[in-house]
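[1] Below: sequence and its predicted model.
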Amino acid sequence: MTGTAEQSRRASIYDVARLAGVSHTTVSRVLNDHPRTRESTRRRVLAAIEQTSYTPSLIARALATQRTMRIGVLVDSPVEHGPNTTLRAFETAARRAGYSISSFSVTDDEHAGMHDAVSDLVMQGVDGLCVIAPRESSLAILRRQAPELPAVVITSEPQDGLRAAGIDQREGAMRAVSHLIDLGHRRILHLAGPGGWFDARARREGWEDALAAAGLEAMPAAEGDWTSDAGYAFGRLFEPGGATAIFAANDQMALGVIRGLSEQGLRVPDDVSVVGFDDLPDARHFLPPLTTVRQDFAELGSLAVQLLLGALERDVGIARAVIEPRLVVRGSTARPPADTR
């Protein structure tokens, strides 16, 4: 095998774009026979493809199936662990199925970021889309800009017209709060995630459901932004005597809560029990080790690919799949102080 042949087989869409003097998006348009591409541009791109021998097997497969063999992934979240872990698992499963991935991360609250990301992926001619950690606003943009494109969203909540794969957020929250109730806690605060996020809403509903099932009244919930700083601010403002336990909507906020409580001289779990959600890799090393809800992100990514491939094949089978979470009990929860029972 010569060096030239080896380099040709490794050519990427960006190599073709540089040689033709166009953007990679334009190359994708040519490969998808986009009607608004100038003929002169099309000829330059096709010549560059021929010169570089750009992935000839994939091109042949794409032409035969009228696909680009590429999936677009939108990560609509400022939180790193869960969405990024799901993205890696999704990418691994997609590559096994013969698809490459184009991904974008949207980390702000502006519609512009999601709008531009969807537009870019659609212009690349992706065969389908996956949205990880979606907000209501992001799905509204997806439905408006790419209504005909097969898509799967990572959420446990049903979505009209979209396939959904998720971990049962409500069930996970119920297990966390039920654990606290079983320990004897009767006043359990909730530090929720942002209201526009599907996962935050489901976890809040699970907290309410568990309390209602036990005949307990829900105290007013606070709302954070998923960060440790939000948890720390909440812990610093916590009023002793108001509650004996706190259910934080994710582990990052739980970490901040624990530090904020400690700066008030409150001990976890002797004075206040704390539960998180996600089971970060470092959660077992918190002081104390954090009781939390574990999500199997690897299984989630694989399941999402299966659902999207079904949509690409026009399969009328399963449109929604939910994975059960698991409660992991560690040292941040205990029975409430004797004088509060």
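    That came in fine, so what should we check first? Residues are numbered from 1 along each chain as shown.
[2] How about residue 122, nearest residue that isn't a chain neighbour?
    Nearest non-adjacent residue to residue 122, counting by C-beta to C-beta, 6 or more residues apart in numbering: residue 146, 5.4 Å away. Glycine gets a C-beta too; all of them are placed from N, C-alpha and C.
[3] Burial check on the one you found, number of neighbours?
    Counted with other C-beta atoms under 10 Å, residues neighbouring residue 146 total 18.
[4] what ranges do the strands span in the stretch 51-200 of the chain?
    Assignment of strands within the stretch 51-200 of the chain using DSSP state E, counting those that start in this stretch yields the ranges 70-76, 100-106, 128-132, 151-154, 163-167, 188-192.
[5] Now do the last one, average pLDDT.
    Average pLDDT, strand 188-192: 98.
[6] confidence score at residue 8?
    pLDDT, residue 8: 40.
[7] mind checking the backbone torsions on the closest residue to residue 92 other than its chain neighbours?
    Leaving aside its chain neighbours, residue 92 sits nearest to residue 301 (7.1 Å; criterion: C-beta to C-beta, 6+ apart). Per-residue torsions, residue 301: phi -60, psi -40 (degrees, to the nearest 10).
[8] Just list the residues touching residue 301, thanks.
    Taking C-beta atoms under 8 Å, 6 or more residues apart in numbering as the contact definition, residue 301 lies against 85-93.
[9] and residue 323, how many neighbours?
    Quick note: residue 323 (other C-beta under 10 Å) scores 17 neighbours.
[10] which residues touch it?
    Residue 323 neighbours (C-beta under 8 Å, 6+ apart): 165-168, 295-296, 299-300, 303.
[11] so can I have JSON lines of these showing distance to residue 232, neighbour count and pLDDT?
    As requested, the contacts of residue 323 are exported to JSON lines (distance: C-beta to C-beta, whole Å; neighbours: other C-beta atoms under 10 Å; pLDDT from 0 to 100):
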{"residue": "165", "distance to residue 232": "33", "neighbour count": "28", "pLDDT": "92"}
{"residue": "166", "distance to residue 232": "29", "neighbour count": "23", "pLDDT": "92"}
{"residue": "167", "distance to residue 232": "26", "neighbour count": "27", "pLDDT": "94"}
{"residue": "168", "distance to residue 232": "29", "neighbour count": "18", "pLDDT": "96"}
{"residue": "295", "distance to residue 232": "23", "neighbour count": "25", "pLDDT": "92"}
{"residue": "296", "distance to residue 232": "29", "neighbour count": "17", "pLDDT": "90"}
{"residue": "299", "distance to residue 232": "32", "neighbour count": "16", "pLDDT": "88"}
{"residue": "300", "distance to residue 232": "29", "neighbour count": "23", "pLDDT": "90"}
{"residue": "303", "distance to residue 232": "35", "neighbour count": "23", "pLDDT": "89"}
